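coords below, sequence missing:
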Ligand SMILES: [Zn+2]
């Protein structure tokens, strides 16, 4: 047998061609197919639990129980049964029979269901001990598509095998009436008051992209996101608002070459109504951010950014804004992660502080809620969470993270929704009655949050949908704009910067490409030594011509180079950090200007026996000049010993230092072959 719910009674398959979006309409969740072995007793409990969707029939009273969501009303095919609404919940299933025989408690069946339900979603706790006998991870929507393709022409009658009925007749009539199209003024159906569409952490992903989980299908890209957002807004037939949780611009060559300008143009076209200020928004300086804010047709919000003393906020940091849509007033309060000081270069956030999120929200809540007369207060936070499990669309998973700490300090009901970001994960949870939704990153997900009036109460329904690009017709204007940017980038990225004699690969832990980068950085600063962390080397280079775009793939982070003046003892500590990791992955850096002998069997921080530089052994009392990225200089990758050293900004980004260095070497370039970290244990 098979259990399923009608998630929404509104959408259906239209006459004529069926599109992917129609299938998504009737099956909006990303559940997979499973099967369990259950007893007759469990089957009966299952149906009784499902039947709680109805109230016990009383003439003139509503028949639907508003406290059970429609998507938790399962029907089962393969058996026949009646739902007797003259009886109280728990005693309603009558005449349950399988192949003409009444089901006995000790009978055993195999039942197909979705992953959400199998995991107990919707309170179906009787499944907790039911053995899973089938789980191949098949996406149910894909199975639906396969079935539609297989039959080519669908006849509804071929699928209509009535297996259950509501009894007695007056109860059945009341249930039918509850779903009949009602006159507009006295609708008894659920009505969506507001739909919030959320995105986060686009990170300059303007083009659609195939992911390892997307089965070869392109996902996202702004030209697809626009029709997706437009359609999600349109099908609701309700008031909707589009909110983004920040980190829009940093991350792709396409976006970074215009320092985010192209991304803001796209966000404008996507109709974003407000966005949080993300930590990476600072990557190109506050001045650049302010220009981008002026390019945007929507406000950038953050309530917790102040001056270093915490006494005043910079005038560009707007804490909240009232967005009015069709007369619905939505107060949007912004937040920025308190991790910002450690996740962007220190120079970008000089003089700024990122204060406690909950306190900041509470500071502005009175004026946002009562002062502005807002119908909804929504926090859009570049602050995130991680959940132990993200299966099924349920919100039972255990979540943790900065945004949960914020929500726990808020009064229940003080905020209607938190749109989170920053961790790039799927989050759909509730804390203190406040729903929290996070829609991953790079255009992989859209959060759809519906505030629904159902009966006399308000309900919140959350889905995360995957915007497959092949399901929509791409937006023409955005496609053209993207094409222009791609051409401009090609002019830069296809410029040849070097010719290599052999390919340079990240093979082993010390390799020629790493030595070449370290040499380039040392040369850029005319320094005694340079250290490059391996984590910052992100791609290989091919033999033959190397383009700027390929070099950019190797060093995509746009780190600036700094020349530090350090004591010999600090330099020694920094080199110890390079060999402090697990024995199988050493060293974890590349060095230029020095040679190091170390024994990985020895205690961490005491592994180096000798450092040779400038023709002599390292002198712990002398000072040396050292080039590192601003990331390392501010303590990244465990280089805390470098923080506080006198430093000069070399005014060059790492990838530019590399391409300039390649430009002065004689072609074809042969990368340095001299090993610089020597193990003394073999
Ligand atoms: Zn972030």
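Received the coordinates, thanks. On a predicted model such as this, the values are computed, not experimentally measured, just so you know.

Sketch out the low-pLDDT regions of the chain for me.
The model of the chain has pLDDT under 70 over residues 8-11, 180-189, 389-397.

quick check: domain ranges of it?
2-178, 193-484, 494-679 (automatic domain parsing).

Out of these, which is closest to the ion?
When these are compared by CB to the ion, domain 193-484 sits nearest the ion, at 3.8 Å. For the C-beta atoms, the positions are set from N, CA and C on the backbone; glycine is no exception.

Would you confirm that residue 71 belongs to a strand?
No. Per DSSP: H, G, I helix; E, B strand; the rest coil, residue 71 lies outside any strand segment and is helix.

Which residue, other than its chain neighbours, is closest to it?
Nearest non-adjacent residue to residue 71, counting by CB to CB, 6 or more residues apart in numbering: residue 7, 4.6 Å away.

Can you get me a residue count around the one you found?
19 (other CB atoms under 10 Å).

What separation do you get for residue 273 and residue 294?
Look at residue 273 and residue 294: by CB to CB, to the nearest Å, they are 17 Å apart.

Looking at those two now, which is surrounded by more residues?
residue 273 (22 against 9).

Just to check, that one is in contact with residue 242?
Yes. In this structure, residue 273 is within contact of residue 242 by CB atoms under 8 Å, at 5.1 Å.

On the three-state scheme, residue 154 is what?
Per three-state DSSP, residue 154 ends up coil.

ok, it - contacts?
For residue 154, the contact set (CB atoms under 8 Å, 6 or more residues apart in numbering) comprises 13, 18, 148.

Which of those fall in strands?
Taking DSSP state E, every one of those sits outside strands.

what's in contact with the helix or strand hosting residue 364?
Assigned by DSSP states H and E, residue 364 belongs to helix 357-366. Identification of contacts with helix 357-366 by CB under 8 Å, 6+ apart yields 303-304, 319-320, 333, 335, 338, 377, 379, 381, 383, 402-403, 405-407, 409-410, 414-415.

so how far is residue 560 from the residue nearest to residue 251 when sequence neighbours are not counted?
Once flanking residues are discounted, residue 251 sits nearest to residue 203: 3.3 Å by CB to CB, 6+ apart. Going from residue 203 to residue 560 by CB to CB gives 20 Å.

what do you get for residue 403?
For residue 403 relative to residue 560 (CB to CB), the value is 30 Å.

Those two: which has the busier surroundings?
residue 403 (31 against 19).

hang on, residue 668 packs against residue 545?
No. Residue 668 is not in contact with residue 545 according to CB under 8 Å; the separation is 9.5 Å.

Overlap in contacts, the two.
In contact with both residue 668 and residue 545: 499, 500, using CB under 8 Å, 6+ apart.

Stretch 421-435: which residues count as buried?
421-431, 434-435 (16 or more other CB atoms under 10 Å).

Which neighbouring elements make contact with the helix or strand harbouring residue 661?
Secondary structure assignment for residue 661, by DSSP H and E: helix 654-664. With contacts taken as 3 or more CB pairs under 8 Å, 6 or more residues apart in numbering; DSSP states H and E, helix 654-664 sits against strand 496-500, helix 512-525, helix 548-554, strand 560-567.

For residue 113, find the nearest of the ones you listed.
Across these, residue 113 has its closest neighbour in helix 548-554 (44.3 Å, CB to CB).

for the stretch 301-450 of the chain, what spans make up the helices?
All helices of the stretch 301-450 of the chain, identified by DSSP state H, counting those that start in this stretch, fall at 340-343, 357-366, 402-408.

ok, and does the last one reach over to the ion?
Spelled out, that is helix 402-408. No. With CB under 5 Å from the ion as the criterion, the ion is not reached by helix 402-408; the gap is at least 11.0 Å.

Any chance you could list what contacts that helix?
Against helix 402-408 from outside (CB under 8 Å, 6+ apart): 335, 337-339, 357-358, 361, 379, 381, 383-385, 415, 418, 420, 422, 427, 429, 431-432, 434, 436, 438.
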